[in-house]
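> Whatever this is, show me its structure:
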Amino acid sequence: MKRYLPLLVVGVLVILFLFVKNENYRNELKHVKNEISELESAEEVIYLEAGEIGEQFILGYFNYRGKPVKGNVEMYVSEEKIKELNFDTNEEYDEKLVKVKSTVNNLDIYLGKSTDGRQKVLGIFINEIEMGDVVTLVDSFIELDLEKTDDLWRIVDFNFFQY
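As a prediction, the model looks like this:
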């Protein structure tokens, strides 16, 4: 019997260890189930249409030859914010700008927080800027705030970053 005593003690310790671990896993499972239940009961609404408008704006504004075209994006942007976008013509620079080509690559759209009639949209893409034989790839991020008025989504604010 003395020979089996250490084996018996080790066996009892292993069983106690597994019992404690099992209890920890049960508590974690209960916690995760509560979190899932809270998320399912949350009433946050995601406005997919706003994401589509954000995507159309990005493609319309950043895909161009020469300079962006106001007609491609004015239906997506509020009157106040359209003034912050650059569509100005300047004969001196227009000759040089004709050689510039901008293209949106690998566009990903993420929908953020939403409230009644408002939606945040994040666009992440690579802006390929080509001038003559020189091609530059720039990581670009644009955060859009969209608001629904008269059944139309409009961009009312934006922040744009390139690295």
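
> Could you look up the SS state of the residue most central in space within the chain?
Residue closest to the mean C-alpha point of the chain, counted by C-alpha atoms, centre = their mean, is residue 110 at 2.9 Å. The three-state label given to residue 110 by DSSP: H, G, I helix; E, B strand; the rest coil is strand.

> That one pairs with what?
Legend: beta-bridge partners of residue 110 under DSSP bridges are residue 122.

> okay but it is in contact with residue 124, surely?
Yes - applying C-beta atoms under 8 Å, one finds residue 110 in contact with residue 124, separated by 7.3 Å. C-beta here means a position set from N, CA and C on the backbone, and glycine is covered the same way.

> Determine the longest helix present in this protein.
helix 5-41 (DSSP state H).

> for the spatially closest residue to residue 148 that is not a sequence neighbour, what are its contacts?
For residue 148, ignoring the flanking residues on the chain, the nearest one in space by C-beta to C-beta, 6 or more residues apart in numbering is residue 117 at 4.4 Å. Going by C-beta atoms under 8 Å, 6 or more residues apart in numbering, residue 117 touches 147, 148, 149.

> Closest one to residue 159 out of the residues you listed, please.
The closest of the contacts of residue 117 to residue 159 turns out to be residue 147 (C-beta to C-beta; 15.5 Å).

> tell me the secondary structure for the closest one?
Relying on three-state DSSP, one would call residue 147 strand.

> Please name the residues that touch the spatially closest residue to it that is not a sequence neighbour.
In space, residue 147 comes closest to residue 156 once its chain neighbours are excluded; the distance is 4.7 Å by C-beta to C-beta, 6+ apart. Residues in contact with residue 156, defined by C-beta under 8 Å, 6+ apart, are 78, 80, 81, 145, 146, 147.

> same question, residue 87
Taking C-beta under 8 Å, 6+ apart as the test, what residue 87 contacts is 67, 68, 69, 70.

> Many thanks, have a good one.
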